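Asks: take this sequence and fold it.
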Amino acid sequence: MSHDPHAPSARRIAKTILYGFDAFFADFQNISLGAKARFETANWTQVHHAHRERLELYKTKVDQVCARVQSVTRKDTGDLSLWRQARQAYALLISNHSNYEIAETFFNSIFCTQFKHEFIHDRNLFVKPSRPTDNKPTKAYNIYFSYEIPEDTSTLTRNILDDFAFSVPWENRDRDAAKLASIINDQVLTEFSCPASRVRFDMLESIFYRNKGAYLVGRAVHLDQKVPIVIPLLNNEQGGIYVDALIHEQDDVHIIFSFTRSYFMVDAPIPSRFVRFLQSLMPNKGQEEIYNSIGFNKHGKTEFYRSIISHLKQSDDKFIIAPGIKGMVMTVFTLPSYDIVFKIIKDHFDHPKTVTEQIVKDQYKLVSRSDRAGRMADTQEYRNFIFYRNRFSEELLSELQATASNKLTITDKQVIIKHVYTERRMKPLNLYLKDCSEEQTCNVMDEYGNAIKELAAANIFTGDMLLKNFGVTRHGRVVFYDYDEIMPITECSFRKITFCHRRDFIVDDRM
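Replies: As a prediction, this is how the structure comes out:
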């Protein structure tokens, strides 16, 4: 069969997938748009329902489109050559699509569902993007409002608050505007070596919503110098909105958009433009993580895959067993030059673990649908992840064959892992404590307690609280990353421990 993108069956398949993508995107946006009303009415139960609904929407739409594809052609939809034609036809259809890159990911999802994540090659789907990223701004649509600083900075902040007003009134607009102006004068404008009148404020038109908070996001700009501006807003649940803070340190903004937090709800009609704006505030954060943070985690997977492939071409170090105590449930490896770990569920779990592989998968799914409270790492799930064998250390290959051989296909040139999770690499807490100062020890153990407490407040009981199951980020935050024993705290039964108060109680030094 010739690879003719104009073949009728190929075009029908391509159109069916594109219509399905557009329907998904519209529903995704509608759920996101509802965040404003949920915030204004302090309907926190609906906030969590909407978070789960939006996460499940993608698979629902993919399954619907896969079923529909079977009905639009009489040809064999298991024929790879037909899909190569459809890929070419799809590339033509999305050539002028404003969200072509996410549309590519949607096509990939349809293909992978059809072929059970096999035949991953750029001939069949979009391993590489169909066209170079367009970084040129368009004059037709601006995603932010710009403000010049008048003589009185509080006039600037009042104007911003007025422009982003809600149907619920401000608790005290003038008070909050004055506080914002004070911080801008004392901390933000001092970052610039120019008169305040030359500094411009760009504020994204869309408000970012997550859990009980709303965030105004923007930047202060002079020439090539940019200072991030994030203004968290809260609902007092008594009919008023108030400003909680003004955040302008880049590290603090990184934490707000961290891989340890739930995804934002934000009206982003052209997500790539929001991603580029956010990267101007956080240049060290990868595109995949920013796409994840605004809810496009499936495209975040695509961006990560492209990123690791590109990195492997430019590096020569080998994958190794991840530092730390080996897990009872997962085999974990990493590439020293890349800050990601790969986690594979073992074929058999070490004693005394009694969970099953399906339970572990369910726990990871629970995490993705929970309020991670800034204390649990986001993960991405891949099937049939292909690596070059010569990039694996012999020690790692032996470990994988000994612990997870059922998940592997090894050839002379490739190592194919049938099921793997990826996660940001952190330093295990037990290793961190070996090398830190007394002050760092106090700080990190305080963080350890905060992590457990904040997860409990988000209805997550960590289960196994061993130090090796927690990691330390580059910002010094402690994050939990071992999920095989987590559960909602509302499903736990806690018993009171009775302590012995006898004075002749003897502690055995051997304990």
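Asks: C-alpha from now on. contacts and neighbour counts both.
Replies: Will do.
Asks: partners of the least confident helix or strand in the chain by mean pLDDT in the sheet?
Replies: Ranking every helix and strand in the chain by mean pLDDT, DSSP states H and E puts strand 487-488 at the bottom, with a mean of 90. Strand pairing for strand 487-488, determined by DSSP bridges: strand 460-461 (antiparallel).
Asks: as a whole number, average confidence for the partner strand?
Replies: Per-residue pLDDT over strand 460-461 has a mean of 92.
Asks: give me the helices and strands touching the one helix or strand residue 85 maps to, please.
Replies: Counting by DSSP states H and E, the element that carries residue 85 is helix 80-93. Judged by 3 or more C-alpha pairs under 8 Å, 6 or more residues apart in numbering; DSSP states H and E, helix 80-93 is in contact with helix 8-33.
Asks: gap between the helix it packs on and the chain center?
Replies: Relative to the chain's own centre, helix 8-33 is displaced by 23 Å; criterion: C-alpha atoms, centre = their mean, to the nearest Å.
Asks: show me what counts as buried in it.
Replies: Buried residues in helix 8-33, counted by 16 or more other C-alpha atoms under 10 Å: 9-18, 20-21, 24-25, 27-29, 31-33.
Asks: and it with helix 80-93, angle?
Replies: Helix 8-33 runs at 60 degrees relative to helix 80-93, counting by axes from the mean of the first three to the mean of the last three C-alpha atoms, to 10 degrees.
Asks: and helix 8-33, what does it pack onto?
Replies: Helix 8-33 sits against helix 44-69, helix 80-93, helix 100-114, with contacts defined as 3+ C-alpha pairs under 8 Å, 6+ apart.
Asks: residues in contact with the next helix or strand after it: which ones?
Replies: Later in the chain than helix 8-33, the nearest helix or strand by DSSP H and E is helix 35-40. Residues outside helix 35-40 that contact it (C-alpha atoms under 8 Å, 6 or more residues apart in numbering) are 44, 46-47, 166-168, 209, 212-214, 235, 265-266.
Asks: got a quick PyMOL command for the buried subset of the residues you listed?
Replies: To isolate the buried subset of these in PyMOL, counting by 16+ other C-alpha under 10 Å, use the following:
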select buried, resi 47+209+212+214+235+265+266
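Asks: looking at the contacts of helix 35-40, which is nearest residue 96?
Replies: Residue 96 lies nearest to residue 266 out of the contacts of helix 35-40, by C-alpha to C-alpha, at 23.6 Å.
Asks: contact partners for the residue nearest to residue 66 when sequence neighbours are not counted?
Replies: In space, residue 66 comes closest to residue 110 once its chain neighbours are excluded; the distance is 6.1 Å by C-alpha to C-alpha, 6 or more residues apart in numbering. Applying C-alpha under 8 Å, 6+ apart to residue 110 gives the contacts 17, 62-63, 65-66.
Asks: same check on residue 272?
Replies: Residue 272 makes contact with residue 99, according to C-alpha under 8 Å, 6+ apart.
Asks: helix/strand/coil for it?
Replies: helix (DSSP: H, G, I helix; E, B strand; the rest coil).
Asks: and stretch 287-300, what's its mean pLDDT?
Replies: Here the average pLDDT along stretch 287-300 is 96.
Asks: how far does it stretch from one end to the other?
Replies: 7 Å (C-alpha to C-alpha, to the nearest Å).
Asks: show residues contacting that stretch.
Replies: 55, 101-102, 105, 257-259, 261-266, 271, 275, 278-279, 301-304.
Asks: residue 85: how many residues sit nearby?
Replies: 26 (other C-alpha atoms under 10 Å).
Asks: ok, the residue lying closest to residue 29 once chain neighbours are set aside - contacts?
Replies: For residue 29, ignoring the flanking residues on the chain, the nearest one in space by C-alpha to C-alpha, 6+ apart is residue 267 at 6.3 Å. By C-alpha under 8 Å, 6+ apart, the residues touching residue 267 are 29, 32-33, 206-208.
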